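Engineer: Turn this into a structure:
(one chain, ligands or ions: 1)
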Amino acid sequence: MTLQFSYIEILVSLSLLILVLLNLVNRIQSKHSALNLPPGPRKIPFIGNMHLLVGDQPHRALRGLAMKYGPLMHLQLGEVSTVIVSSPDVAEEVMKTQDTIFASRPEILAVKVMSCDCPGIIFSPYGDYWRQLRKICTTELLSSKSVQSFRSLREEEFLDLCRWIASKAGSPINLTEKIYSSAYSLTAKAAFGKKTKDQETFISIIRVATKLAVGFEISDVYPSIKLLPLISGLKSKLKSLQQQADRILETIINEHIVGNSGKTAMKVKHDLVDVLLKCQEDENILPLTRAQIKSVVLDIFSAGSETSATTVDWAMSEMLRNPSALKKAQDEVRNVFKGKNVVDEARFNELKFLKSVIKETLRLHPPAPLLLPRESNESCKIDGYDIPIKTRVIVNAWAIGRDPKYWKEAECFQPERFLDSSVDYKGKSFEYIPFGAGRRICPGMSFGIANVELPLAMFLYHFDWNLPQGMKHEEMDMTEALGVTVRRKDDLFVTPVLRRPFPV
Ligand code: HEM
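Structural biologist: Model (predicted):
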């Protein structure tokens, strides 16, 4: 069937569309006109301030605007009333003083489609269901005890990686690709018992999905226009990603069900998936559907792997760009483990400089520069300004971490600044919040840091590193890619030189 429209029909449709849009603008304007909203740039009818985010990385564009309008700034992103937080004081107000009001997450189309409308732990609204999931993930996977119990898994995974690197000594390698692949394998082995055979497909699905989940997609800022994601093709793109991911997730879950059938409860080897499956039968807690289990698995796989790998990748990049920091870190590791075949996690508390390198990397390159969006679940006031219910709140942790008011030579990589500093990433120092803060602070902090420290210590102990031929360290490209997690735009290519051979 072909569709044919006359000019009259097109004109009528366009007029109707304009009327709908004007009505929408009126509704938004009258809703906000009586309120004392935080300062912000002038809003253009219908698009609000969307045009100000075009072109640059959102965290960079938002910092530029905050310099003009202040650390609590109101933006109208299409239909979505949004508040941008860019100072430690306001961040503390949102994530500590009024944390319960801002502990929810907004609905993002990519998350909605990928999770079949059953968000897992990361995007579920604040409430009992989120509390239950967070408790399960913390107890079964992310507690200090669990992180400790995964030590041999970590050692095995990164030893394999370093052996591979050693086999390529003298030739350029794509270090980024290998770092991500190991991080994903490790999360899979810890959370689901083994690496999935479809890992590379899964990684590429997650990469595309996280790009689309930033929350600035056109369909996320005009949620009432249901046709938009259909017209733009976003819905079908997401649906196809969801179907591919679903096949892999189904396999992971079915393998657990088959593997455990016939075994007594004592004999079942418990990983996160087993525990989630058991929740389906437990009458004392909120039952979990299969879709919800799949969402949690997807959440842990992506949140657990992307962030740690991104940190390792940026830390190596920064050290290569700053040879004196690389040398100091190398000297420290080689000194502490002098005469040993391999590095030993038990002595990592002696690696003060390496720990400062990691902290400095997380300051300059927080893997989630805008953390994860929050949403107010009631109206409230901040600094005397009105924050209506359902306002989206974005905390620019990246801008806060580079604010010269709080950091000397803020743009420079200087790990020394953390050596004698009490500033930590555990959510108490609001000038430094790479893991967020408050109720929704990252529960995977210890797991993540362990997965960053070990590969870095091994890279420094066993290898020297050269940049591709002819490249000067100060010429290294540090451009960022777009996404919820901000990785390097281009992969890091380096030539390893083996210095300490591995035990056979
Ligand atoms: C360097 C490593 C990591 C960094 C920088 C990081 C950063 C973050 C950030 C910024 C948030 C949002 C916090 C907020 O809204 O205030 C978050 C949430 C989360 N992270 Fe991490 N993360 C890391 C590693 C991990 C790991 C290894 C896991 C799990 C294996 C994990 C699981 C989660 C989960 C489940 C949430 C959602 C928490 C909630 O909404 O209640 N993260 N992470």
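
Engineer: contacts and neighbour counts: CA atoms only from here.
Structural biologist: Will do.

Engineer: element containing whichever residue of the stretch 1-150 of the chain sits closest to the ligand?
Structural biologist: Relative to the ligand, the nearest point of the stretch 1-150 of the chain is residue 122 (3.9 Å; Cα to the nearest ligand atom). In the assignment (DSSP states H and E), residue 122 maps to no helix and no strand.

Engineer: Near the closest residue to it other than its chain neighbours, how many other residues are there?
Structural biologist: Leaving aside its chain neighbours, residue 122 sits nearest to residue 299 (6.6 Å; criterion: Cα to Cα, 6 or more residues apart in numbering). Neighbour count of residue 299, defined by other Cα atoms under 10 Å: 19.

Engineer: just to revisit the earlier point, quick check: the residue of the stretch 1-150 of the chain closest to the ligand touching residue 301?
Structural biologist: No. Here residue 122 does not reach residue 301: they are 11.6 Å apart, not a contact under Cα atoms under 8 Å.

Engineer: So between those two, which is more surrounded?
Structural biologist: Just comparing residue 122 and residue 301: by other Cα under 10 Å the higher neighbour count belongs to residue 301, 23 against 20.

Engineer: Tell me the first helix or strand C-terminal of the helix or strand containing that one.
Structural biologist: Taking DSSP H and E as the criterion, residue 301 maps to helix 290-321. Scanning forward in sequence from helix 290-321 by DSSP H and E, the next helix or strand is helix 323-336.

Engineer: packing partners for whichever helix or strand comes after that following helix?
Structural biologist: Next along the chain after helix 323-336, taking DSSP H and E as the criterion, comes helix 352-364. Judged by 3 or more Cα pairs under 8 Å, 6 or more residues apart in numbering; DSSP states H and E, helix 352-364 is in contact with helix 290-321, helix 323-336, helix 397-401, helix 445-462.

Engineer: now helix 352-364, how far from the centre of its chain.
Structural biologist: How far helix 352-364 lies from its chain's middle: 18 Å, per Cα atoms, centre = their mean, to the nearest Å.

Engineer: so where does residue 495 fall, helix or strand?
Structural biologist: Here residue 495 sits within strand 493-498, counting by DSSP H and E.

Engineer: right, I mislabeled it, should have said residue 74
Structural biologist: strand 72-77.

Engineer: Give me the mean pLDDT for that strand.
Structural biologist: Averaging the model's pLDDT scores along strand 72-77 yields 97.

Engineer: got it, and stretch 247-257?
Structural biologist: 91.

Engineer: Next, the angle from the strand holding residue 495 to helix 290-321.
Structural biologist: 70 degrees (axes from the mean of the first three to the mean of the last three Cα atoms, to 10 degrees).

Engineer: Quick one: list the elements packing against strand 493-498.
Structural biologist: Looks like strand 493-498 contacts helix 151-167, strand 173-174, helix 175-192, strand 463-466 (3+ Cα pairs under 8 Å, 6+ apart).

Engineer: could I get those as JSON lines with distance to the ligand and mean neighbour count?
Structural biologist: What follows is the helices and strands packed on strand 493-498, written out as JSON lines (distance: least, Cα to the nearest ligand atom, whole Å; neighbours: other Cα atoms under 10 Å):
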{"stretch": "helix 151-167", "distance to the ligand": "12", "mean neighbour count": "17"}
{"stretch": "strand 173-174", "distance to the ligand": "21", "mean neighbour count": "16"}
{"stretch": "helix 175-192", "distance to the ligand": "7", "mean neighbour count": "21"}
{"stretch": "strand 463-466", "distance to the ligand": "23", "mean neighbour count": "18"}
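
Engineer: would you list the ones you listed in CSV and tack on mean pLDDT and distance to residue 426?
Structural biologist: Formatted as CSV, those follow (pLDDT from 0 to 100; distance: least, Cα to Cα, whole Å):
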stretch, mean pLDDT, distance to residue 426
helix 151-167, 95, 22
strand 173-174, 97, 32
helix 175-192, 93, 22
strand 463-466, 96, 31
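
Engineer: Could I get the ones you listed in a markdown table, plus columns for distance to residue 128?
Structural biologist: Converted to a markdown table, the helices and strands packed on strand 493-498 look like this (distance: least, Cα to Cα, whole Å):
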| stretch | distance to residue 128 |
| --- | --- |
| helix 151-167 | 32 |
| strand 173-174 | 44 |
| helix 175-192 | 23 |
| strand 463-466 | 48 |
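
Engineer: of these, which approaches residue 394 most closely?
Structural biologist: Closest approach to residue 394 among the helices and strands packed on strand 493-498 (Cα to Cα): helix 175-192, 26.9 Å.

Engineer: Dump that closest one to CSV, restricted to CA.
Structural biologist: Output of helix 175-192 as CSV, limited to C-alpha atoms (Å, rounded to 0.1, in the frame of the first residue of the first chain):
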residue,chain,number,x,y,z
LEU,A,175,46.2,-2.4,25.0
THR,A,176,42.8,-0.9,25.3
GLU,A,177,41.1,-3.8,23.6
LYS,A,178,42.8,-6.3,25.9
ILE,A,179,42.1,-4.4,29.1
TYR,A,180,38.3,-4.3,28.3
SER,A,181,38.2,-7.9,27.3
SER,A,182,39.9,-9.0,30.6
ALA,A,183,37.7,-6.8,32.7
TYR,A,184,34.5,-8.3,31.1
SER,A,185,35.8,-11.9,31.6
LEU,A,186,36.6,-11.2,35.2
THR,A,187,33.1,-9.8,36.0
ALA,A,188,31.5,-12.7,34.2
LYS,A,189,33.5,-15.3,36.1
ALA,A,190,32.8,-13.6,39.4
ALA,A,191,29.1,-12.9,38.8
PHE,A,192,28.0,-15.8,36.6
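
Engineer: Show me what the following helix or strand past that helix is packed up against.
Structural biologist: Later in the chain than helix 175-192, the nearest helix or strand by DSSP H and E is helix 199-212. Using 3+ Cα pairs under 8 Å, 6+ apart as the contact test, the elements touching helix 199-212 are helix 109-114, helix 175-192, helix 234-260.

Engineer: What is the burial count for the nearest residue to residue 245 once chain neighbours are set aside?
Structural biologist: Setting aside the residues directly before and after it, residue 245 is nearest to residue 202 in space (Cα to Cα, 6+ apart), at 6.5 Å. By the criterion of other Cα under 10 Å, residue 202 has 21 neighbours.

Engineer: what do you get for residue 422?
Structural biologist: Neighbour tally, residue 422, other Cα under 10 Å: 8.

Engineer: Make residue 1 into 528 and carry on from there
Structural biologist: Sure, I'll start counting at 528 from here, so that last one is residue 949.

Engineer: Quickly note the distance from residue 599 to residue 912.
Structural biologist: From residue 599 across to residue 912, the span is 9 Å (Cα to Cα, to the nearest Å).

Engineer: I am finished for the moment; much appreciated.
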